[in-house]
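1. just to be clear, the model below is a prediction. Sequence and coordinates:
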Amino acid sequence: MSKTLDNFKQGGWRVPERSILKDCPRTKELPTPTINIEHDVWRVIEGLCDEIKIEWQMMLTGTLDEENNECHVTGYIIPRQTVGAASVENHEVVDAQYVVDNNIVVGIHSHGTMGVFFSPTDDQANMSSIKYHIVVNNAHQHEATARIKTMCGGETSVVPEVAIINAPEESAIDIVGIDNIQEKVYTTVTPPYKNPNAYYPYYPADSYWDKGAKVRQEAIDKYEKEYSYGNA
């Protein structure tokens, strides 16, 4: 039986229920997981940290070698998303089939100006079909986790190595899909509303994402009902 997690960073990720073995005594007998990331992809990740100073998320594509607990990252996908200082609303539905069809091997997101750690929400998302996850920040720091099979056939979470490979000569960075990341903008409510200093969220991409328009309209309707002159 599976459940839908309505928000991996606030939306889109479908996560099944899983049991994770903690403190498995034979984990040390397993190969240490390694995430090998092509240098060109890592430069894109650092470029996003420099360009988007708040949270964002991205999926890394490539190949998996489950026998040796290795993955090789050769590309990336930036999903449509609305981001804030401590949240990301993903507008793509990411399920097991999407992961397979797009050769997704690593999930990665930024904590902006915060430290690199996995929050409780992150821990839930880490139970998805994607077994490797990385969190980064604006200081280009990173932390990673991997979910691997144990000797008894279960799964356990461990800290993998992250290796940046095949560094070429320095060149300009072209971040494909960066326009898919839209920042939440907050604006003041003007008369005839009763409280001109109140705030409600405005999604810049309303015309592009129907969901954003619906959320914004619901916020406005709620505000009008609670604070209009007719309901003093």
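-> That came through, no problem.

2. quick one, domains of this protein?
-> Per automatic domain parsing, the domain ranges recorded for the chain read 27-180, 185-231.

3. highest mean neighbour count out of these?
-> domain 27-180 (a mean of 17; mean count of other Cβ atoms under 10 Å). For glycine as for every other residue, the C-beta is placed from the backbone atoms N, C-alpha and C.

4. Val159 against Ala146, yeah?
-> Yes. Counting by Cβ atoms under 8 Å, Val159 does reach Ala146; the two are 7.4 Å apart.

5. confidence-wise, which helix or strand of the chain is lowest on average?
-> strand 199-202 (a mean of 44; mean pLDDT, DSSP states H and E).

6. thinking again about what came up before, lowest-confidence stretch among the domains of the chain?
-> Ranked by mean pLDDT, the domains of the chain end with domain 185-231 at the bottom, a mean of 53.

7. who's Ile37 bridged to?
-> Beta-bridge partners for Ile37, by DSSP bridges, are Val73, Ile164.

8. who's in contact with it?
-> Each residue near Ile37 by Cβ atoms under 8 Å, 6 or more residues apart in numbering is listed here: Ile45, Leu60, Val73, Val162, Ala163, Ile164, Ile165.

9. same thing with Lys149?
-> With contact set as Cβ under 8 Å, 6+ apart, Lys149 has these partners: Glu66, Glu155.

10. any idea how far it is from Thr156?
-> 8 Å (Cβ to Cβ, to the nearest Å).

11. how about the contacts made by the closest residue to Asn68 other than its chain neighbours?
-> The shortest distance from Asn68 to any non-neighbouring residue, by Cβ to Cβ, 6 or more residues apart in numbering, is to Pro31 (5.4 Å). Taking Cβ under 8 Å, 6+ apart, we find Pro31 in contact with Asn68, Asn69, Glu70.

12. which SSE is the closest residue in space to Thr74 that isn't next to it in sequence in?
-> Distance criterion Cβ to Cβ, 6+ apart; nearest residue to Thr74, sequence neighbours excluded, is Gly62 at 4.5 Å. If you go by DSSP states H and E, Gly62 is part of strand 57-65.

13. by contact count, what packs against that strand?
-> helix 39-51, strand 70-77, strand 104-110 (3 or more Cβ pairs under 8 Å, 6 or more residues apart in numbering; DSSP states H and E).

14. residues making contact with it?
-> 8-9, 37, 41, 45, 48, 70-79, 81, 88, 90, 94, 102-110, 130-131, 134.

15. what strand or helix carries the residue nearest to Asn68?
-> Counting by DSSP H and E, there is no helix or strand that carries Pro31.

16. same check, this time on Val99
-> Here Val99, judged by DSSP H and E, is contained in helix 96-101.
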